[in-house]
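Asker: Any chance you can model this:
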Amino acid sequence: MFKMKSLHYILLTALIISCGGQSEKDDKPANFIVSEVQMIELKTTKSQSTEGLTEIKDMANYYMKVCLKDPAVGKPIIDQEFRYDLNGKSQEIRTDYDGCFTWHGDISFSMLSCESYIEENFKIEGIGNYSGLINIPVFFNPTNKTAKAFMDGRYSRPEKMTAKNCVASNFRVENIQLNRVKNNSNLLFNLTMSPVLERAMIDGEKVKIPLKSYGEYEITAKILGDIQGETRILTQTKSKGSIHSERVRSDLAFEIPAVLSDSESNYRMEIEVKSLNQPELKSFVGMIKSNDIYFTQKEAITEVEDKIEAQAITEMDLTNKDLGLNTNIIKAKEIQLVSAEDIGDEFSQNKRKLLTLSTCFFNSLSQFGSEPVANQEVTVTQSEKKDKITLLQNTTSESGCIKFQYEIDYKLFEKRNWSEREI
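Answerer: You can find the predicted model right below:
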């Protein structure tokens with residue numbers, strides 16, 4: 001009886017020891033420690049697989065160093081095998097004579113949102129004379145403009161770790177210059193500007209990153225005016241611009257509007273700029289105000305949240321007599337007599353008078369009619385076919401003026417009167 005009980009006791013004890021030994025092996029902690037995790041270098045770049053502006057990086061290349069120690073003796077673990085895993089990359093390595101190892105890797109991020117930390121889990125496992133697994137949280141800040149580029153999560157953690165409350169980076173254009181090309185049959189403007197990416201940093205500061213690399217931009221421009229108390233699109237155009245000498249340059253060619261604003265001091269030009277290389281960026285929309293349609297005197301551009309919803313001038317509007325259609329923008333000043341002389345037979349009563357005349361053309365849409373229509377070709381016709389008219393110059397001068405001669409017949413002894421002619 002005693003022998004049987006003793007046998008049962010021995011078997012039960014052996015079973016308990018066996019189970020306990022297996023559990024201890026599964027949960028056995030690492031017999032090494034990670035004494036140092038250090039970021040040696042971190043550089044941002046643009047991955048070859050993505051298109052877009054080169055200043056908008058999406059990849060960080062890092063160079064890491066990790067050192068291990070034996071806790072039993074407090075010395076570096078030299079020439080031993082381990083396996084590490086970080087950001088989905090796993091590799092077997094061997095420690096050097098300082099008990100350390102280094103490696104290169106990369107991590108993706110986005111500059112289209114604010115600066116933030118990216119959390120990763122660094123794992124290292126002993127696979128030779130050392131065993132066990134250690135997990136260490138690490139934090140990367142690829143752009144590290146206002147904060148540390150790397151943190152070992154065992155000792156410090158970022159206060160603002162992720163981009164959960166982040167605002168998107170904003171596309172902006174600065175230093176806009178709008179200059180009209182004068183003496184054109186349309187409204188032609190030269191537009192230059194500097195595109196930037198405005199990005200929020202961890203400390204709340206906003207940093208502007210100039211976008212100087214080659215890129216193409218789509219520009220939509222509208223000239224707005226007030227028609228019978230309602231904002232209307234008087235004329236609009238689209239163009240493309242590209243980077244030259246670190247600035248976007250483009251031409252905006254508007255047709256002359258058929259209807260002008262009721263208020264001469266209330267013209268607005270809405271300019272929308274969209275990056276064709278980085279279409280995920282929200283377009284920039286700005287407004288320029290002027291007191292004339294040529295924007296000779298204008299305010300600085302101001303950014304607006306949304307485009308103005310306005311209706312363009314329609315064919316039906318053009319039948320509305322109350323709108324005051326703008327049918328001819330080039331007008332002539334009063335014709336001046338330069339000289340007059342009789343030509344032909346001096347003894348005949350049928351005479352011919354040679355008049356040398358001049359007039360000057362101006363742009364009626366310019367302020368006070370002060371802009372001459374210079375260097376423009378001129379043709380002339382007359383209402384009376386028997387009269388003769390001759391241009392002394394085929395183009396207007398720099399002051400917008402021309403001279404021409406007009407020959408008209410008259411009888412010497414007839415009563416003086418006015419003869420009406422249309423030129």
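Asker: For the rest of this, base every contact and every neighbour count on C-alpha atoms.
Answerer: OK.
Asker: Now Ala340. Nearest residue, chain neighbours left out?
Answerer: Once flanking residues are discounted, Ala340 sits nearest to Leu355: 4.6 Å by C-alpha to C-alpha, 6 or more residues apart in numbering.
Asker: Can you give me the distance of the one you found to Ser383?
Answerer: 16 Å (C-alpha to C-alpha, to the nearest Å).
Asker: Same question for Val37.
Answerer: 96 Å.
Asker: for Ile134, same thing?
Answerer: Distance of Ile134 to Ser383, computed by C-alpha to C-alpha: 102 Å.
Asker: Export stretch 51-58 to PDB, keeping only CA atoms.
Answerer: The C-alpha coordinates for stretch 51-58 follow below in PDB (Å, rounded to 0.1, in the frame of the first residue of the first chain):
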ATOM      1  CA  GLU A  51       6.000  61.200 -59.400                       C
ATOM      2  CA  GLY A  52       5.600  64.900 -58.400                       C
ATOM      3  CA  LEU A  53       7.700  67.800 -57.300                       C
ATOM      4  CA  THR A  54      11.100  66.900 -56.000                       C
ATOM      5  CA  GLU A  55      10.800  69.100 -52.900                       C
ATOM      6  CA  ILE A  56       7.900  67.000 -51.600                       C
ATOM      7  CA  LYS A  57       9.800  64.100 -50.100                       C
ATOM      8  CA  ASP A  58       8.100  60.800 -49.200                       C
END
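Asker: Give me the buried stretch members for it, please.
Answerer: Neighbour-count burial for stretch 51-58, counted by 16 or more other C-alpha atoms under 10 Å, picks out 52-58.
Asker: what's next to that stretch, contact-wise?
Answerer: Stretch 51-58 is contacted by residues 44-47, 108-112, 209-215, 277-278 when judged by C-alpha atoms under 8 Å, 6 or more residues apart in numbering.
Asker: can we see that at 7 Å?
Answerer: Under the contact criterion C-alpha atoms under 7 Å, 6 or more residues apart in numbering, stretch 51-58 has outside partners 44-47, 108-111, 211, 213, 215, 277-278.
Asker: Then stretch 271-285?
Answerer: Here stretch 271-285 makes contact (C-alpha under 7 Å, 6+ apart) with 52-53, 171-172, 215-222, 286-287, 303-304, 307.
Asker: In space, what's closest to the residue positioned nearest the centre of the chain - neighbours in sequence excluded?
Answerer: Among the residues of the chain, the one closest to the centroid is Pro195, at 4.7 Å (C-alpha atoms, centre = their mean). For Pro195, ignoring the flanking residues on the chain, the nearest one in space by C-alpha to C-alpha, 6+ apart is Val173 at 4.3 Å.
Asker: Got the domain ranges for this structure?
Answerer: Residue ranges of the domains in the chain are recorded as 1-26, 33-152, 170-323, 330-411, according to automatic domain parsing.
Asker: picking up where we left off before, among the contacts of stretch 271-285, name the buried ones.
Answerer: Judged by 16+ other C-alpha under 10 Å, buried ones among the contacts of stretch 271-285: 52-53, 171-172, 215-222, 286-287, 303.
Asker: Can you tell me which of those residues end up in helices?
Answerer: Using DSSP state H, no member of these falls in helices.
Asker: Just the ones of the residues you listed in strands?
Answerer: The strands, defined by DSSP state E, take in 171-172, 216-222, 286-287, 303 from the buried ones among the contacts of stretch 271-285.
Asker: pLDDT check: weakest of the residues you listed?
Answerer: In terms of pLDDT, Glu303 ranks lowest among these, with 90.
Asker: what bridges to the closest residue to that residue other than its chain neighbours?
Answerer: Once flanking residues are discounted, Glu303 sits nearest to Gly286: 4.2 Å by C-alpha to C-alpha, 6+ apart. Taking DSSP bridges, one finds Ile271, Glu303 as the beta-bridge partners of Gly286.
Asker: Would you mind confirming that Gly286 makes contact with Glu270?
Answerer: Yes. The criterion here is C-alpha atoms under 7 Å, and Gly286 meets it with Glu270 at 5.9 Å.
Asker: And for the nearest residue to Pro71 once chain neighbours are set aside, the neighbour number?
Answerer: In space, Pro71 comes closest to Phe32 once its chain neighbours are excluded; the distance is 6.0 Å by C-alpha to C-alpha, 6+ apart. Burial of Phe32 is recorded as 21 neighbouring residues (other C-alpha atoms under 10 Å).
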